[in-house]
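S.K.: Here is my input; please provide its structure:
(one chain, ligands or ions: 2)
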Amino acid sequence: MLKNTATSFGLVTRAFHWAIAGLILVQLPLGLRLGSIEPGLANLWLFALHKTLGISVFALMCARLLWHLVSPPPAPLGGGWQAAAARAVHWTIYALMFSIPLSGWIGSSATGIDTVVFGRLTLPAIAPLSEAWETAAFTFHGIAAKAFLALLALHIGAALKREMDGDGTLTRMIRG
Ligand code: HEM
Ligand code: HEM
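M.R.: Ligands and ions are numbered 1, 2, ... in the order given. Sure thing, here's the model as predicted:
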């Protein structure tokens, strides 16, 4: 089953979920490393890798959003405050998954250095060459990524807890 139903996640949504999750789990530590080193010739490839993976997340999120217009995901299991909390966390994660890569792209554009992904594709600059834009964008980028890390702990904790409670939350995101 490719599509989602009212109660289950289809293959496409599950593939998006785990592919993006895998990329993010590389991006967070990689980004934190970049934040603490001086850019130089020896580590330029780490920056390039971070930009490539980050833009991939952005592109996959756009595709995921379009897919969910065609095939909406099922509502969280159960009801009451837990379902409401799950919805709020999922929405916030969505917002961060767009704004984090976008702010990275804006900050990179503002440095005046080309944003090159996959070693060859040069993206257009989406911000003026400006130190103020660079500082603002990367400040947001860092704070939003750390907020995301906290939410992710909540997200994973909740998924594991509900699976242990036996409601099949994790199973339906893995096997549908
Ligand atoms: C690392 C980045 C991750 C992101 C960005 C992320 C994002 C999301 C989002 C947005 C949803 C809502 C469904 C949708 O609209 O597609 C979701 C559902 C879910 N996620 Fe994650 N997730 C991540 C990692 C994980 C991990 C590591 C686990 C496992 C422990 C997990 C377990 C689940 C489960 C079980 C659901 C289904 C919840 C339900 O039944 O309503 N996620 N995730
Ligand atoms: C899923 C997407 C992304 C995640 C989770 C992410 C995460 C992070 C994190 C956690 C940091 C460290 C921030 C700090 O220590 O203050 C960082 C730094 C950085 N990110 Fe990203 N990032 C993503 C996408 C991007 C994209 C698309 C670009 C550029 C096109 C980018 C460019 C950078 C740069 C240049 C730095 C170093 C900034 C500095 O020197 O302070 N990131 N990223």
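S.K.: Tell me the buried residues in the lengthiest helix in the chain?
M.R.: Ordering each helix of the chain by length in residues (DSSP state H) puts helix 131-164 first. For helix 131-164, the neighbour count (16 or more other Cβ atoms under 10 Å) marks 133-134, 136-138, 140-142, 144-145, 148, 151-152, 155, 158, 162-163 as buried. All C-beta spots, glycine's among them, are computed from the backbone N, C-alpha and C.
S.K.: for that helix, packing partners?
M.R.: Identification of packing neighbours for helix 131-164 by 3 or more Cβ pairs under 8 Å, 6 or more residues apart in numbering; DSSP states H and E yields helix 11-35, helix 80-111, helix 169-174.
S.K.: orientation of the first one relative to helix 131-164 in degrees?
M.R.: When you say that, I think you mean helix 11-35. 130 degrees (axes from the mean of the first three to the mean of the last three Cα atoms, to 10 degrees).
S.K.: Run the chain-centre distance for helix 11-35.
M.R.: Here the centre of helix 11-35 is set off from its chain's centre by 6 Å, with Cα atoms, centre = their mean, to the nearest Å.
S.K.: What's the mean pLDDT across it?
M.R.: For helix 11-35, mean pLDDT is 97.
S.K.: Can you check what angle separates it from helix 80-111?
M.R.: Counting by the same axes, to 10 degrees, helix 11-35 points 50 degrees away from the direction of helix 80-111.
S.K.: Contacts only, for the spatially most central residue of the chain.
M.R.: The residue lying closest to the centre of the chain (Cα atoms, centre = their mean) is Met97, at 3.5 Å. Shown here is Met97, whose contacts under the criterion Cβ atoms under 8 Å, 6 or more residues apart in numbering are Ile20, Ile24, Val57, Met61, Phe148.
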